[in-house]
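Novice: coordinates for the following, if possible.
(chains A and B)
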Amino acid sequence: SQTIHQWPATLVQPVGSPLSLECTVEGTSNPNLYWYRQAAGRGLQLLFYSVGIGQISSEVPQNLSASRPQDRQFILSSKKLLLSDSGFYLCAWSVSRESSPLHFGNGTRLTVT
Amino acid sequence: KNQVEQSPQSLIILEGKNCTLQCNYTVSPFSNLRWYKQDTGRGPVSLTIMTFSENTKSNGRYTATLDADTKQSSLHITASQLSDSASYICVVSTAYGTDKLIFGTGTRLQVFP
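Specialist: Numbers count the residues shown, from 1 in each chain, chains lettered A, B, ... in the order given. Okay, here's the model as predicted:
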């Protein structure tokens, strides 16, 4: 069966520090991978998605970047965190088929102080 | 503008009772509509996915309906349990793939004994 791992679960970082969140998927090949951010009282916002190794699409210009160094590994990074980067970050995967469900990880709660 | 609106924002019911959550959308073109359940501090979990031609789909005690003409959907929960306490998120996909999902802000359901 397929599983998705996302870590860390919680993170407190000072403003200006770097960030690296990692997500890995097991049990499937060539998944579509996604990074979402969820702010309180707002719907999930798509940050990045990838349909293959090295292929990254950005939905919202921001202080963050994403990379996909391996087929089932997706990394969210920042060189210098801002206060506004605080939030709940979710990694997800899906197969490349219309109407296929998104499978989410359990998220990382990031607090920038 | 593509939007998904959910009502009510929050709901409190007693264990064993039924409830219905509403979702109205103004998304075009339309591909499918999804309902997710999100426990506090966890990632969303898919409940149902309905395409244009489907007007009802069940997953255990959860039954989703879709009226594509009026652009409305509902999620009915039968015989609620304490474990149903969660946020329920309505998501509409445009015809351009799973990377074009419009998320509602969710309904927060609390089930009390």
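Novice: tell me the contacts of the residue lying closest to A:Trp93 once chain neighbours are set aside?
Specialist: Among residues not flanking A:Trp93 along the chain, A:Pro31 sits closest, at 4.1 Å (C-beta to C-beta, 6 or more residues apart in numbering or on different chains). (Each C-beta comes from the backbone N, C-alpha and C, glycine too.) Applying C-beta atoms under 8 Å, 6 or more residues apart in numbering or on different chains, we find A:Pro31 in contact with A:25, A:71-72, A:93-96.
Novice: any chance of a markdown table for those residues, columns distance to B:Thr51?
Specialist: Shown next, in a markdown table, are these (distance: C-beta to C-beta, whole Å):
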| residue | distance to B:Thr51 |
| --- | --- |
| A:Val25 | 25 |
| A:Asp71 | 29 |
| A:Arg72 | 28 |
| A:Trp93 | 21 |
| A:Ser94 | 16 |
| A:Val95 | 16 |
| A:Ser96 | 17 |
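Novice: which one (most neighbours) among those?
Specialist: For the contacts of A:Pro31, the largest number of neighbours (other C-beta atoms under 10 Å in any protein chain shown) sits with A:Trp93, at 24 neighbours.
Novice: tell me the SS of that one?
Specialist: strand (DSSP: H, G, I helix; E, B strand; the rest coil).
Novice: isn't it right up against A:Gly27?
Specialist: No - using C-beta atoms under 8 Å, A:Trp93 is not in contact with A:Gly27, being 10.0 Å away.
Novice: give me the common contacts of those two.
Specialist: Residues touching both A:Trp93 and A:Gly27 by C-beta under 8 Å, 6+ apart: A:Gln2.
Novice: kindly report the residues of chain B close to chain A.
Specialist: Residues of chain B lying close to chain A by C-beta under 8 Å from any C-beta of the partner chain are B:4, B:31-32, B:34, B:41-46, B:49, B:51, B:89, B:93, B:97-99, B:101-106.
Novice: hmm, which of the residues you listed are the buried ones?
Specialist: Neighbour-count burial (16 or more other C-beta atoms under 10 Å in any protein chain shown) applied to the residues of chain B next to chain A gives B:4, B:31-32, B:34, B:42-44, B:46, B:49, B:89, B:93, B:97-99, B:101-106.
Novice: state the number of residues packed around A:Trp7.
Specialist: By other C-beta under 10 Å, 14 other residues sit near A:Trp7.
Novice: now do the strands in the chain.
Specialist: As the question left the chain open, I've gone with chain A. With strands called from DSSP state E, chain A shows them at A:3-7, A:10-13, A:19-26, A:32-38, A:45-52, A:55-58, A:65-70, A:73-78, A:87-94, A:103-104, A:108-112.
Novice: wrong chain, I was asking about chain B
Specialist: Shown for chain B, the strands assigned by DSSP E span residues B:3-7, B:10-14, B:19-26, B:32-38, B:45-51, B:56-59, B:62-67, B:72-77, B:86-93, B:101-103, B:107-112.
Novice: tell me where the model's unsure across chain A.
Specialist: Low-confidence regions of chain A, defined by pLDDT under 70, span residues A:61.
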